[in-house]
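Visitor: Fold the following.
(one chain, ligands or ions: 2)
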Amino acid sequence: MSIPQLSVVIPVYNEEEGLPTLFGRLYPALDKLGIKYEVVFINDGSRDSSAAILREQFQLRPDVTRVILFNGNFGQHMAIMAGFEHTRGQRVVTLDADLQNPPEEIATLLAKMDEGFDYVGSIRKKRSDSWWRHIASRAMNGLRERITRIKMTDQGCMLRAYDRNIIDAINGCKEVNTFVPALAYTFARNPGEVVVEHEERAQGESKYSLYSLIRLNFDLMTGFSVIPLQWFSMAGIAISLLSAFFVVFLLVRRLIIGPEAEGLFTLFAIAFFLIGITLFGIGLLGEYIGRIYQQVRHRPRYLIQAVLDKTE
Ligand code: UDP
Ligand code: MG
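Guide: Ligands and ions are numbered 1, 2, ... in the order given. From the prediction side, this is the model:
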């Protein structure tokens, strides 16, 4: 058995409308590369006919296709992690099933890797997102870069290429609730980025809402850094110092000028401000504790119902 040079990993969740077009463009694009490749599809518990369509495709190209069928919906990143464990290629490329990342761009990523990069991310050329999403994602990017030291110009783009060393390192991680591109970045020796074409979602709809985008960013910051905790304890120290000064000031004032009863609402404002900070701190602690909780339960991260594989 010879090792393929390229493995393509594609998570699939309710993508029945788009899959035929994906196959129609993906396989010719890969054949054109002229290298030995394999495609690993992970059906993440789709409730439509995606699994059946993947089975059909497996029958058509069993030599280069592998299908992992999950028992339920475990999320995009768990699907990718499961896919990684079933890859054998020297290089691994992840791709979304919705054709927002054109499969023809895989060649661009591989060319960049030939220059000596072991991790190649991609930046979508013309983002067809709404303006508020654009501003929000730029602000999040800046904050994330400061907190986690992970540099990703376009974190929403899953078209990425990884060297085998990175994949092996990721396979050694039993992390729950992770974000694959960020995890890979922490293992990369020489990460690079390329600009790729970007298309509107052709069929189906986005699986992510604004809420899950906020969640994702929270997961990123608390999953890859303890800086939020450190910032918070620093803020705690600063506020304690300030309030100590305030107490001294009030004491002196009491002795010199006498008792005061005015400024009640100022006091309220200060109290609410401090309560807000306290609540945020409890929430922040909770995020970390929640991660610890999920990790120590040692539950299986995903359940595989079947693997369709004839390539052994
Ligand atoms: N996906 C998945 N499991 C999920 C949600 C999404 O496997 O629970 C897959 C989905 O089929 C697609 C990719 O992850 O291939 C990205 O999802 P989507 O296009 O909805 O995300 P967006 O592009 O809007 O960020
Ligand atoms: Mg998409």
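Visitor: so what does whichever helix in the chain runs longest touch, helix or strand wise?
Guide: Counting residues, the longest helix found in the chain (DSSP state H) is helix 264-296. Other helices and strands packing on helix 264-296, by 3 or more Cβ pairs under 8 Å, 6 or more residues apart in numbering; DSSP states H and E, are helix 210-224, helix 227-256. Glycine gets a C-beta too; all of them are placed from N, C-alpha and C.
Visitor: switch to 6 Å and redo it
Guide: helix 227-256 (3 or more Cβ pairs under 6 Å, 6 or more residues apart in numbering; DSSP states H and E).
Visitor: so where is the stretch 1-150 of the chain shaky, pLDDT-wise?
Guide: Scanning the stretch 1-150 of the chain for pLDDT under 70 picks out 1, 127-129.
Visitor: hey, where'd the helices end up in it?
Guide: 19-33, 50-60, 76-85, 106-114, 131-148 (DSSP state H, counting those that start in this stretch).
Visitor: so of those, which one's packed in deepest?
Guide: Mean neighbour count (mean count of other Cβ atoms under 10 Å) peaks for helix 76-85 among those, with a mean of 22.
Visitor: Next, the angle from that one to helix 210-224.
Guide: 50 degrees (axes from the mean of the first three to the mean of the last three Cα atoms, to 10 degrees).
Visitor: going forward, begin numbering at 842 instead of 1
Guide: That works, and once the first residue is 842, the last one we named lands at helix 917-926.
Visitor: How about residues contacting helix 917-926?
Guide: 850, 852, 881, 883, 885, 909, 935, 1008, 1011-1012, 1019, 1021, 1142-1143 (Cβ atoms under 6 Å, 6 or more residues apart in numbering).
Visitor: how about 7 Å then?
Guide: Contacts of helix 917-926 with the rest of the structure, by Cβ atoms under 7 Å, 6 or more residues apart in numbering, involve 850, 852, 881, 883, 885, 909, 911, 933, 935, 1008, 1011-1012, 1019-1021, 1142-1143, 1145.
Visitor: which bits of the protein sit near ligand 1?
Guide: 852-854, 856, 885, 914, 916-917, 920, 937-939, 941, 997, 1047-1049 (Cβ under 6 Å from any ligand atom).
Visitor: Is there a neighbour count for the closest residue to V853 other than its chain neighbours? I'd like the number.
Guide: Excluding the flanking residues, the one nearest V853 by Cβ to Cβ, 6 or more residues apart in numbering is A938, at 4.6 Å. Per other Cβ atoms under 10 Å, the neighbour tally for A938 reads 27.
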